[in-house]
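Chemist: Sharing a sequence plus its predicted fold:
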Amino acid sequence: MASALLARTEFPIYTIRALDENHFLVAGGGGSSKTGVPNAFEIYAVKWDEGNIKSSSLSYHDTGSQAVMNSAICSDGRNHKLAVGLDDDCQVFSIRYKVVAAKEDTKKESSTNDVRQRRTKQTDNKEEPVKNGPQKMVNFDIEKISKFQNSAKVSDHFQKVVKFSPDGNLLYTGSDNGILRCWMHQESKKIFEVSAHSSDIDDLAVSPSGKWVVTVSKDNLGIVWNAKTGKKHTKLNWPCKTKEQYRFRCCEFGCVEGNKNKYNLYTLNIPSRRAIKPIPCYIAKWDGTEFSAKIKKTGTEVLSALSVSDDGDYLGVGSISGSISVYISFSLQRLYHVQESHRIFITGVEFLPVSKSMRAVTGAHDFQLLSISPDHIVQIHKPHTGYYVRMETGLVIIVFGTILILAALVLLLDQLGLIS
């Protein structure tokens, strides 16, 4: 198994989103305290070169005195919409691809779109020579398209989570006071508001069908809502009968076998209280129709972050001790684990999409998981090539062994005269 440093930022990182298989965005900051730590989001490019991975910073957007604590991305395949939480405000940006000359000084554009475009800085600090004239590179135009405040009045409350509907027309926000809101973000128009929980909404998820929105909270509840009306549909009933109480920490929908019309809900469940004796945490898979659950213990490390791969095959999990794991969604079996990969708690994990063309470049890696932490570091995690060699060898042994057993059985039956 392998993990590697991919990028190092100037600010503590609290959220990460993949734009496509070659680009990702990180965001965070030092907040309103005047410590010199910036508040920003930054876009990076990922490049594979002879089996080695490099990253380069392409675009950097300063968010002033407010740190970005949560984000969501919606894509139409060509361009993206980014929603970010800045205290109690939600801002939506348009992120559009553009092609520029590799040596172009794009800082000239900062006065028009409030974005500082950086020259490519690679993690290996090597400049590649320009061959056959000027080279082209992908960059991004970033433009703020809407902004709204969750609370009607100025308050100390803040947005904790934001998600787009599958078509990108609606935004769902969850706040520290337990309120779920749905917005038509182009018009900054509120569709509905629900007092969903008695405490912080830690996470929310929108089903691929756009039918359901799920909220989880520190009040130990997970609730399924009608995504169009805000009407309560059902409560997630935790099936584990133990003396300890558990609460939902994270939630995320994932399609089944690449089918967007069939999906499961996945949750991370952690003890409601700290105990002297370590208490196990759980990962749960909920049927997307009946919302019945299958659960599995993950160990005693307290879980803090969850991501589901685009094809629904893998679950990425981070913990407060800095560890990273990947699970197979079908069986909830752990496939990959790095103990204390980051120095402090994990604030986000995100799978890069993997296409057939990218798999040819990356050496057939089934997943590429990015992880972040307030330690300013982005890491990438992928299975060792040896994992696939061992897996393929194991399959060959199983098939060959099965053939031998069947041949021996046929020979035995023939000797006994049972085969005419």
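Modeler: Sure thing, it's come through. Residues are numbered from 1 along each chain as shown.
Chemist: Export only the CA atoms of stretch 261-277, formatted as PDB.
Modeler: Written as PDB, here are the backbone C-alpha positions of stretch 261-277 (Å, rounded to 0.1, in the frame of the first residue of the first chain):
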ATOM      1  CA  ASN A 261     -30.700   4.900 -10.100                       C
ATOM      2  CA  LYS A 262     -29.800   2.400  -7.400                       C
ATOM      3  CA  TYR A 263     -27.900   3.600  -4.400                       C
ATOM      4  CA  ASN A 264     -27.100   3.100  -0.700                       C
ATOM      5  CA  LEU A 265     -26.500   5.600   2.100                       C
ATOM      6  CA  TYR A 266     -23.200   5.200   4.100                       C
ATOM      7  CA  THR A 267     -22.700   6.600   7.600                       C
ATOM      8  CA  LEU A 268     -19.900   6.800  10.100                       C
ATOM      9  CA  ASN A 269     -21.100   6.200  13.700                       C
ATOM     10  CA  ILE A 270     -19.000   7.200  16.800                       C
ATOM     11  CA  PRO A 271     -19.600   7.000  20.500                       C
ATOM     12  CA  SER A 272     -21.700   9.900  21.900                       C
ATOM     13  CA  ARG A 273     -19.300  10.300  24.800                       C
ATOM     14  CA  ARG A 274     -15.600   9.800  25.500                       C
ATOM     15  CA  ALA A 275     -14.700   6.900  27.700                       C
ATOM     16  CA  ILE A 276     -11.600   5.800  29.500                       C
ATOM     17  CA  LYS A 277     -11.800   2.400  27.800                       C
END
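Chemist: separation between the one residue sitting closest to the centre of the chain and residue 20?
Modeler: For the chain, the residue nearest the mean C-alpha position is residue 350 (3.1 Å; C-alpha atoms, centre = their mean). Separation of residue 350 from residue 20 (C-beta to C-beta, to the nearest Å): 12 Å. Every residue, glycine included, has its C-beta placed from N, CA and C.
Chemist: where does the stretch 301-420 of the chain dip in pLDDT?
Modeler: For the stretch 301-420 of the chain, applying pLDDT under 70 flags the ranges 356-365, 385-400, 414, 417-420.
Chemist: can you pull out the helices in the stretch 151-300 of the chain?
Modeler: For the stretch 151-300 of the chain, helices defined by DSSP state H, counting those that start in this stretch do not occur.
Chemist: Could you pull out the strands in it for me?
Modeler: 159-164, 170-175, 179-184, 189-195, 201-206, 212-217, 222-226, 232-235, 246-256, 259-271, 281-287, 293-299 (DSSP state E, counting those that start in this stretch).
Chemist: got those strands as CSV, with mean neighbour count columns?
Modeler: Putting these into CSV (neighbours: other C-beta atoms under 10 Å) gives the following:
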stretch, mean neighbour count
strand 159-164, 23
strand 170-175, 25
strand 179-184, 21
strand 189-195, 14
strand 201-206, 24
strand 212-217, 25
strand 222-226, 21
strand 232-235, 13
strand 246-256, 21
strand 259-271, 20
strand 281-287, 21
strand 293-299, 16
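Chemist: Quick one: these as CSV, columns for mean pLDDT and distance to residue 381 too.
Modeler: What follows is the strands of the stretch 151-300 of the chain, written out as CSV (pLDDT from 0 to 100; distance: least, C-beta to C-beta, whole Å):
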stretch, mean pLDDT, distance to residue 381
strand 159-164, 98, 24
strand 170-175, 98, 28
strand 179-184, 97, 32
strand 189-195, 97, 37
strand 201-206, 98, 21
strand 212-217, 99, 25
strand 222-226, 99, 27
strand 232-235, 98, 34
strand 246-256, 97, 17
strand 259-271, 94, 18
strand 281-287, 98, 17
strand 293-299, 97, 16
